[in-house]
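S.K.: Here is a sequence with its predicted model. Questions after.
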Amino acid sequence: MNTASRRTFLKNLGAMCAANSLTLLATPTQAAVPAATDWQTITPEAAGFKPGLVGRFDKLEASGRLAGVHGVVALRSGRIVFERYFKGDDASRRGPLGEVEFGPDTLRDIRSVTKSIVGLLYGIALARGQVPAVEQSLLAQFPEYPDLAADPQRARLTIRDALSMTLGMQWNEKLPYTDPANGETAMDAAADRYRYVLSRPVVGDPGKGWIYSGGNVALVAKIIEKGTGRNLPDFAREVLFAPLGIGSTEWAKGADGEVYAASGLRLTPRELARIGQMVLADGQWNGKTVVPAGWLHESFRPAALVDIGYPGLHYGYLWYVGEALQEGKGGSYGERFVAAIGNGGQRLFVFPGLDFVLCVTSGNYNSPDQWRAPSAILSEIFLPSLAS
């Protein structure tokens, strides 16, 4: 694959995908992972990368193509093979934060990567019997809106449709988030965000077309809160963050006191990479199940084709699923990955077949070129450096 091809690889969602239909991800047995408070490091070469990876990264940085990147953490076999932090302007959901000197302990917005975390939380709550099965009626979980449940079109909606963003309801997040007509912005400003989401005009059959919507995630999160009797940040702390040894976190809330379930979480890059390592290890951390493997497999089964002009990219349950073009095995082939992606250049890539996790955090919020830096890091530095 030539340089030009690699530079277009993973555009927008970070992925140039193979066109064939995807199958369920199979996760190989992973090496023992160190405790969260005792990350071990290993050189890229010792981890199986081709020589010179650090030098190639430095050259890419010197070229100016990594402008806005705040942090990069790469893992192989559960150990840190590369870690780099930068200084740069940042912002949270609440507003600008000015120039920040980023480091391993610096919290930062992961924006819509938050959605994928909510997906994991639903699976944990489901295994505990605290939330309904995904095929259950969505409106049945919101009995406070009997008028909406009486609509035959909305009565067909299921929780699965919300998890896969296939509700078939009008929503537009292609507009800038500063535009009051943006779907998520309008939801945050509504007197009742859940009624706002559930009352959107029906524009398609549920379970069919994919429409990106933070409103879907707000509904999923509220079902978790109703079922567990806990607010989302507290539940996440108990069942996900604490078991992984993740320290301080922040989860922003709206003026109505409701958590920004779709985009409000703040973590460090190391903590986000830790979540990726747990996913790669089939939901295990230090020999204990954090997220049931069955839920991960179901979440990573393609449920909807993501129609953004790139063949083969799918969406599962709040996770993207694709195949990255890779050299080896006698030619080019598709290497399966799952990904969590957020505004500004936030990326979490998990490659089960390569035993590889990559986390990139950036501050290029709302920029049309926000995809370029994380794309270059993955497709020009790490993937071509992995020995086949």
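M.R.: Okay, I see it.
S.K.: The host helix or strand of residue 88: what's the following helix or strand?
M.R.: Element membership for residue 88, per DSSP states H and E: strand 87-92. Going down the chain from strand 87-92, the next helix or strand is strand 95-101, by DSSP H and E.
S.K.: Note down every partner strand of that next one and its orientation.
M.R.: Using DSSP bridges, the strands paired with strand 95-101 in its sheet are strand 87-92 (antiparallel).
S.K.: thought residue 338 was touching residue 315?
M.R.: No: with contacts counted by C-beta atoms under 8 Å, residue 338 stays clear of residue 315, the gap being 10.5 Å. In short, each C-beta sits where N, CA and C put it, glycine included.
S.K.: Common neighbours of the two, please.
M.R.: residue 321 (C-beta atoms under 8 Å, 6 or more residues apart in numbering).
S.K.: Now the phi/psi pair for residue 163, please.
M.R.: phi -60, psi -30 (degrees, to the nearest 10).
S.K.: Tell me, how many residues neighbour it?
M.R.: 28 (other C-beta atoms under 10 Å).
S.K.: wait, what's in contact with it?
M.R.: By C-beta under 8 Å, 6+ apart, the contact set of residue 163 is 119, 122, 134, 216, 220, 299, 303, 317-318.
S.K.: Just put these in CSV and tack on secondary structure and neighbour count.
M.R.: Below are the contacts of residue 163 laid out as CSV (DSSP: H, G, I helix; E, B strand; the rest coil; neighbours: other C-beta atoms under 10 Å):
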residue, secondary structure, neighbour count
119, helix, 22
122, helix, 26
134, coil, 20
216, helix, 27
220, helix, 26
299, helix, 24
303, coil, 21
317, coil, 27
318, coil, 25
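S.K.: Would you mind giving those as a markdown table with distance to residue 383 and pLDDT added?
M.R.: A markdown table is the format used below for those (distance: C-beta to C-beta, whole Å; pLDDT from 0 to 100):
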| residue | distance to residue 383 | pLDDT |
| --- | --- | --- |
| 119 | 25 | 98 |
| 122 | 30 | 99 |
| 134 | 33 | 98 |
| 216 | 31 | 98 |
| 220 | 32 | 99 |
| 299 | 23 | 98 |
| 303 | 26 | 93 |
| 317 | 25 | 98 |
| 318 | 24 | 98 |
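S.K.: Pick the one among those residues closest to residue 227.
M.R.: Proximity of these to residue 227 (C-beta to C-beta) peaks at residue 122, which lies at 9.3 Å.
S.K.: so who does the closest one touch?
M.R.: Residues in contact with residue 122 (C-beta under 8 Å, 6+ apart) are 131, 163, 220, 223-224, 295, 317.
S.K.: how does it look with 6 Å?
M.R.: 220, 224 (C-beta atoms under 6 Å, 6 or more residues apart in numbering).
S.K.: and the gap between it and residue 68?
M.R.: With the distance defined as C-beta to C-beta, to the nearest Å, residue 122 ends up 32 Å from residue 68.
S.K.: again with residue 266
M.R.: From residue 266 across to residue 68, the span is 18 Å (C-beta to C-beta).
S.K.: Model confidence for the closest residue to residue 204 other than its chain neighbours, exactly?
M.R.: Ranked by C-beta to C-beta, 6 or more residues apart in numbering and with sequence neighbours excluded, the top spatial neighbour of residue 204 is residue 168, at 3.6 Å. Note on residue 168: pLDDT of 97.
S.K.: Check which residues of the longest strand along the chain are buried.
M.R.: Longest strand of the chain, by residue count under DSSP state E: strand 331-342. Burial within strand 331-342, assessed by neighbour count using 16 or more other C-beta atoms under 10 Å, is assigned to 334-342.
S.K.: re earlier: need the residues that contact the strand holding residue 88.
M.R.: If you take C-beta under 6 Å, 6+ apart as the criterion, strand 87-92 is touched by 70, 97, 99-101, 109, 363, 365.
S.K.: where in the stretch 1-150 of the chain is pLDDT low?
M.R.: By pLDDT under 70, the low-scoring segments of the stretch 1-150 of the chain are 1-38.
S.K.: Show me where it has its helices.
M.R.: Ranges of helices in the stretch 1-150 of the chain, per DSSP state H, counting those that start in this stretch, are 3-8, 11-14, 53-62, 113-127, 146-149.
S.K.: tell me the most buried of these?
M.R.: Burial of those is given as mean neighbour count (mean count of other C-beta atoms under 10 Å); helix 113-127 ranks first at a mean of 24.
S.K.: so it versus strand 331-342, what angle?
M.R.: Orientation check (axes from the mean of the first three to the mean of the last three C-alpha atoms, to 10 degrees): helix 113-127 against strand 331-342 gives 90 degrees.
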